[in-house]
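# A structural model of the following input is requested.
(one chain, ligands or ions: 1)
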Amino acid sequence: MNGIDKQALYSHLVETYRNNHPRSYELFQRAGRSLIKGGSHSIRLMDPFPVYDVRSEGARVTDADGHSIIDFWQGHFANVLGHNPPIVLDGLRDYFAGGQGLLTGFPGMLQMELAEILLSRVKAERVRFTTSGTLATMYAVMLARAYTGRSFVIKIGGGWHGAQPYLLKGISHFREGLDELESAGLPRHIDASILMTRFNDMEDLKSRFKKHGKKVACLILEPFVGAGGFLFAAPDYLRLARELTEKYGSLLIFDEVISGFRFSAGGVQKFYGVSPDLSVFGKTIGGGMPVSAVTGREDILKLCCPDAPEASRVKFEGGTFSAHPAAMLAGKLYLKYLIDNEDTVYSTIGSLGDRARTEIENILRSHGFFVRCSGKDPSVVPSSSCVGVHFLNEDAEKVRSPEQVWNSRLADFEMREKLFKMAMLNEGFHVFHGYGAVSLAHSEVDIQASLDAVDRIGRLFSSFRK
Ligand SMILES: Cc1ncc(COP(=O)(O)O)c(C=O)c1O
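Numbering: from 1, shown residues only. Here you go, the predicted model:
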């Protein structure tokens, strides 16, 4: 049913794209002379060349060729309020005008304030900041290993926790399953220390713990899997994860880098009523600046103190730019806004997301594609701003697992990331994971325009059926 001539369609799309983006192409060529592949983050560098942005505001980004693009990527899904919200920009302007400045290397008060805000919204005792989700998940795993004196980590197939050595396994390379190391250059023996389990598979989790539980330092998972498909953990699954980690003396770590402050002004853990030992936050908590945090139990986090016992002391203590004052201020203003306006923010973006998911699925199915949208589970959240689009090879009622997303027999990743993404860009929309995350800056009109574009694309794709 999906069967289209992808090569011919791609050539058609690329021709339009190249004609529309001569300046971005020039910049790409220049960038390639100094930067690897023209940039510093692989998924920003789409083929045949990326669009270079010059300005952004609200829902939109203006690119180097002057196109005003409606953006659903929104800073790696960090921008719940859209690009450059005045609440942050005005606050930073006043701050700099008031004589406060860049990095001093003193502790500063703003980090206290941001930590207090986090603790008011997340069930945890202490916070430590760093600068990226990657570093924060790395430190969380180190803390778990040190605290338990064990070395095994259980990770979910399809889980993405940043490119850090302890968790670069079983992310998106599907062979028999999601269980291979996905980078060269990793420490020896790391493969054997990362045990994989399938997301939402209670029996698999039980058997992992039964077999290895006494050696497991932690189970780390995203309660809302991001890169693995915009999928929610089932409530029973998270309860089981809590039960098993307690039973075997392992720690439970929730990676809330995407889900934190995305579905409410706090962690998604609140909806489950399950509290982990450690949580990791990033993206949204920086208000557009590089901030991440590990929150959790004091007895675990205090292992990063210089006076912790030598054998269990964790060097989660460096970072020239950790708790950078301007970033702490941006985070504080952002979270305060989200907390003060929690009801309206999340119901607004959630209902726009709900509409986009339902209608995109209907539109593309009406054009004969086995499409399913993900991003919501009504048993967990009342509404959701996250919209994943999946072109399936075999029809299914729902996308349920990262295995389904990354197994090329079941889903056509190329259709989504190569063809649909470029087609949407040619229509003036920047999408990710098929669509992305709706922000408060998006309007009903933006969503309707995107649905009209999806309809035109459905028709275009159909015209390339073999
Ligand atoms: C769930 C999750 N954890 C960790 C990370 C890594 O965060 P960062 O890119 O800030 O290093 C990401 C990034 O997308 C993520 O989605």
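
# need the residues of the stretch 251-400 of the chain near the ligand, please.
Residues of the stretch 251-400 of the chain that fall close to the ligand, judged by CB under 6 Å from any ligand atom: 255, 257-258, 282, 292. Every C-beta, even on glycine, is put in place using the N, C-alpha and C of the backbone.

# so V387 is in which element?
Using DSSP states H and E, the element containing V387 is strand 386-391.

# apologies, that question was intended for S11.
Here S11 is assigned to helix 6-20, by DSSP H and E.

# the following helix or strand past that helix: which residues count as buried?
Using DSSP H and E, the helix or strand that follows helix 6-20 towards the C-terminus is helix 22-32. Using 16 or more other CB atoms under 10 Å as the test for burial, helix 22-32 gives 24-25, 27-28, 31.

# same for helix 22-32, what does it pack against?
Helices and strands touching helix 22-32, by 3 or more CB pairs under 8 Å, 6 or more residues apart in numbering; DSSP states H and E: there are none.

# so what pLDDT did the residue of the chain found nearest the ligand get?
Of all residues in the chain, G133 sits closest to the ligand, at 2.3 Å by CB to the nearest ligand atom. At G133, the predicted lDDT confidence score is 98.

# if we can go back for a sec, from the residues of the stretch 251-400 of the chain next to the ligand, which land in strands?
Those of these mapping onto strands are 255, 292, per DSSP state E.

# so, low pLDDT: which residues of this protein?
Low-confidence segments of the chain, defined by pLDDT under 70: 1-2.

# so what are the domain limits for it?
6-72+342-462, 86-340 (automatic domain parsing).

# adding distance to V80, write these out as CSV.
Listed next are those as CSV, based on distance: least, CB to CB, whole Å:
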stretch, distance to V80
domain 6-72+342-462, 6
domain 86-340, 5
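
# quick one: residues contacting the residue lying closest to the residue of the chain closest to the ligand once chain neighbours are set aside.
Closest residue to G133 in three dimensions, ignoring its sequence neighbours and counting by CB to CB, 6 or more residues apart in numbering: G282, at 3.4 Å. Going by CB atoms under 8 Å, 6 or more residues apart in numbering, G282 touches 78, 132-133, 136, 257, 260, 291-293.

# picking up where we left off before, ok now the strand holding V387, how far from the chain's centre?
Relative to the centre of its chain, strand 386-391 is centred 14 Å away, using CA atoms, centre = their mean, to the nearest Å.

# residues in contact with F391?
2, 364, 369-371, 411-412, 415-416, 420.

# go again with 6 Å.
371, 412, 415-416 (CB atoms under 6 Å, 6 or more residues apart in numbering).

# among those, which one has the most neighbours?
When neighbours are counted by other CB atoms under 10 Å, V371 leads the contacts of F391 with 26 neighbours.

# stretch 100-118: which residues count as buried?
In stretch 100-118, counting by 16+ other CB under 10 Å, buried: 108, 110-111, 113-115, 117-118.

# same question, stretch 359-379
359-361, 363-364, 367, 369-377.

# most widely separated two among those residues?
Longest distance between any two of those is 26.2 Å, between H367 and D377; criterion CB to CB.

# gap between the spatially closest residue to V14 that is not a sequence neighbour and S24?
Take V14 and drop its neighbours on the chain: the residue closest to it by CB to CB, 6+ apart is P48, 6.1 Å away. Going from P48 to S24 by CB to CB, to the nearest Å gives 10 Å.

# next one: G133
Going from G133 to S24 by CB to CB gives 28 Å.

# which residues does stretch 49-69 contact?
21, 23-25, 27-28, 70-71, 82-84, 428, 430, 441-442, 446.

# and if we set it to 8 Å?
With CB under 8 Å, 6+ apart as the test, stretch 49-69 has contacts from 20-25, 27-28, 31, 38-39, 44, 70-71, 82-84, 425, 428-430, 439, 441-443, 446.

# for it, buried residues please.
Result for stretch 49-69 [16+ other CB under 10 Å]: buried residues 49-53, 56, 58-61, 63-65, 67, 69.

# quick check: angle from the helix ranked longest in the chain to strand 386-391?
Secondary structure of the chain per DSSP state H: the longest helix is helix 342-366. Interaxial angle, helix 342-366 versus strand 386-391 (axes from the mean of the first three to the mean of the last three CA atoms, to 10 degrees): 10 degrees.

# mind listing what the helix or strand just after helix 342-366 pairs with, with the direction of each?
Using DSSP H and E, the next helix or strand after helix 342-366 towards the C-terminus is strand 371-374. Strand 371-374 has the following strand partners under DSSP bridges: strand 386-391 (antiparallel).

# pull the CA atoms of the strand it pairs with into CSV?
What follows is strand 386-391 as a C-alpha-only set of coordinates in CSV (Å, rounded to 0.1, in the frame of the first residue of the first chain):
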residue,chain,number,x,y,z
CYS,A,386,4.5,15.8,21.2
VAL,A,387,3.7,14.4,17.7
GLY,A,388,5.6,11.5,16.2
VAL,A,389,4.7,10.3,12.7
HIS,A,390,5.5,6.8,11.7
PHE,A,391,5.3,5.3,8.2
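
# what residue lies at the spatial centre of this structure?
By CA atoms, centre = their mean, the mean C-alpha position of the chain lies nearest to I258, the distance being 4.1 Å.

# can you pull the contacts of it?
I258 neighbours (CB under 8 Å, 6+ apart): 77, 222, 224, 226, 283.
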